[in-house]
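In: Sequence first, predicted coordinates after that:
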Amino acid sequence: MASVTLYGYQYSVYLRIVRMALLEKGVSWTHVEIDPFAETIAPDYLALHPFGRVPTLKHGDFVLYETTAITRYVDEVFAGKPLQPSDVRARARMNQIIAIADSYGYWPMVRQVFSQRVFNAALGRTPDETAIADGLAASRKVLAALEPLAECERFLVGSALSLADLHLGAMVAYFAAAPEGDAALADFPRFSAWWAVMKDRRSMAETDPGLPRA
């Protein structure tokens, strides 16, 4: 079996999503730390990812970047329980939820609420309260849209774990780390019931990056 190398920033939500997918599929990999916020990005990495973002997966001589492309590849190439529904409508719903998370959830939930309240605090920085308030308002709109889509208490789509659970799980883990985020989840009972189960999955625990130190 060709070796798997995963390039990424340890605190990246998108790196965590791929790590969770690899764990759920039982795939071992080698991690190479890449800081996309550094002043300069190593030319060797830019040769793999011309935009200098993360994550990037290398499987043998095959190189792939963009999180959703990577997780679908991981699911389809490696053995283990499938992470994508076989039913056409269920798969469409999974893709819809992932798109909602990327298009509308990531920025307010992670970059505004979590980064300002939790990540910056860990670094000894003063949080931007306006950004947090704006992020909470936008996050509530996202949660309201996701609430009717949460099909059961255990999984967002159907009766089995899917890439939608992993994608949102990584984002919500950061959002819920902020007191305001955790409190907001309580207003959405179906989504909260899903999160109560999802947060205890082994793949969530084993990919927790912790926080930086000032």
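Out: Here it is on my side, so go on.

In: Where does Val63 sit: helix, strand or coil?
Out: strand (DSSP: H, G, I helix; E, B strand; the rest coil).

In: Would you confirm that it contacts Leu48?
Out: Yes - the criterion here is Cβ atoms under 8 Å, and Val63 meets it with Leu48 at 5.3 Å. In short, each C-beta sits where N, CA and C put it, glycine included.

In: more crowded one of those two?
Out: Neighbour totals were compared for Val63 and Leu48, and Leu48 leads with 18 against 14 (other Cβ atoms under 10 Å).

In: Please tell me how far that one sits from Tyr9.
Out: 14 Å (Cβ to Cβ, to the nearest Å).

In: re the thing from before, quick one: common contacting residues for Val63 and Leu48?
Out: Thr56 (Cβ atoms under 8 Å, 6 or more residues apart in numbering).

In: now what about stretch 14-34, what contacts it?
Out: 3-10, 41-42, 45, 54-57, 67, 70-71, 74-75, 78-81, 83, 161, 163, 166-167, 169-170, 173, 202-204, 206-207, 209.

In: Now that we have those residues, which of them are buried?
Out: 4-10, 41, 45, 54-57, 67, 70-71, 74-75, 78, 83, 161, 163, 166-167, 169-170, 173, 203-204, 207, 209 (16 or more other Cβ atoms under 10 Å).

In: now, which of those lie within strands?
Out: Val4, Thr5, Leu6, Tyr7, Gly8, Thr56, Leu57 (DSSP state E).

In: For Arg125, state which of the residues you listed is nearest.
Out: In terms of Cβ to Cβ, no member of those lies closer to Arg125 than Gly8, at 23.0 Å.

In: What separation is there between that closest one and Ala121?
Out: 23 Å.

In: Then Met198?
Out: 25 Å.

In: between those two, who's got more neighbours?
Out: Met198 (22 against 15).

In: any idea of the pLDDT on that one?
Out: As predicted, Met198 sits at a pLDDT of 97.

In: So it is in contact with Phe191, correct?
Out: No - between Met198 and Phe191 there is no contact under Cβ under 8 Å: 10.0 Å.
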